[in-house]
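Participant: Got a sequence here, can you model it:
(one chain, ligands or ions: 2)
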Amino acid sequence: MEIDNLLFDLGNVKNTNGLKVKGTCRPSLFDKALDDAYKVKAVSLDLKFSLGSDSILAQGFIEGKISLICARCNEIFEYEYKESFAELYDYSKKSADIENLIASLLSISIPLKPLCSDECKGICPTCGTSLNIANCKCEHSNKNAFAILKNLAV
Ligand SMILES: [Zn+2]
Ligand SMILES: [Zn+2]
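Facilitator: Numbers count the residues shown, from 1 in each chain. Ligands and ions are numbered 1, 2, ... in the order given. Predicted coordinates:
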């Protein structure tokens, strides 16, 4: 089931004595909440509303992929995330905005400095060669700095 609306009428939820929603959310639902550099692929959602004594509890689990740009090598890669949430809504509240909730979860889940892999070698600052794909003949300042430190220590 494709979910294209994540604004839930809590009156309906109450009338039906709770609600369960399971499916894949339309990725464009979250576009406006996230930076243009991030492309949400698909968000699979498992959501349950249950009625408590003085509030409605929404419990959910999301899982999916986002296209990110590696901070070291500038290549696009797919970042996998899994997040869960629980939110209480007072009975006086008319609707539950799960769309916003998921959008903020996604933005928290995205690393500040995304890396395609921990071993990503990045780009040579001198010639621009992607060091994951090829080696270049330039001297790399990182290595030099390390060598200097090593010499100092000895
Ligand atoms: Zn990378
Ligand atoms: Zn180079």
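Participant: hey, let's count contacts and neighbours off CA atoms from now on
Facilitator: Noted.
Participant: who touches the nearest residue to Lys14 once chain neighbours are set aside in this structure?
Facilitator: Spatial nearest neighbour of Lys14, excluding adjacent residues (C-alpha to C-alpha, 6 or more residues apart in numbering): Leu51 at 7.1 Å. Going by C-alpha atoms under 8 Å, 6 or more residues apart in numbering, Leu51 touches 14, 17-18, 57.
Participant: how about the helices in the protein?
Facilitator: Assigned by DSSP state H, the chain shows helices spanning 10-15, 98-109, 141-153.
Participant: domains of this protein?
Facilitator: Here the domain assignment for the chain is 2-117, 121-154, based on automatic domain parsing.
Participant: now the ones you listed in a markdown table, with distance to ligand 2?
Facilitator: A markdown table is the format used below for these (distance: least, C-alpha to the ion, whole Å):
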| stretch | distance to ligand 2 |
| --- | --- |
| domain 2-117 | 13 |
| domain 121-154 | 4 |
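Participant: Could you tell me the least trusted of those domains?
Facilitator: When the domains of the chain are compared by mean pLDDT, domain 121-154 comes last with a mean of 75.
Participant: Return the distance of Leu7 relative to Leu29.
Facilitator: Counting by C-alpha to C-alpha, to the nearest Å, the separation of Leu7 from Leu29 is 11 Å.
Participant: Among the contacts of Leu51, name the ones in strands.
Facilitator: Per DSSP state E, strands hold the following members of the contacts of Leu51: Leu57.
Participant: Kindly report the residues of this protein close to ligand 1.
Facilitator: Within reach of ligand 1 by C-alpha under 5 Å from the ion, the chain has these residues: 70, 72-73, 116, 120.
Participant: related to what we said a few turns ago, who's more crowded, Leu7 and Leu29?
Facilitator: A count of neighbours by other C-alpha atoms under 10 Å puts Leu29 above the other of Leu7 and Leu29, at 18 against 12.
Participant: The more buried one and Asp4 touch, don't they?
Facilitator: Yes. In terms of C-alpha atoms under 8 Å, Leu29 counts as a neighbour of Asp4; the distance is 7.2 Å.
Participant: List the contacts of Lys20.
Facilitator: Here Lys20 is in contact with 46-49 (C-alpha under 8 Å, 6+ apart).
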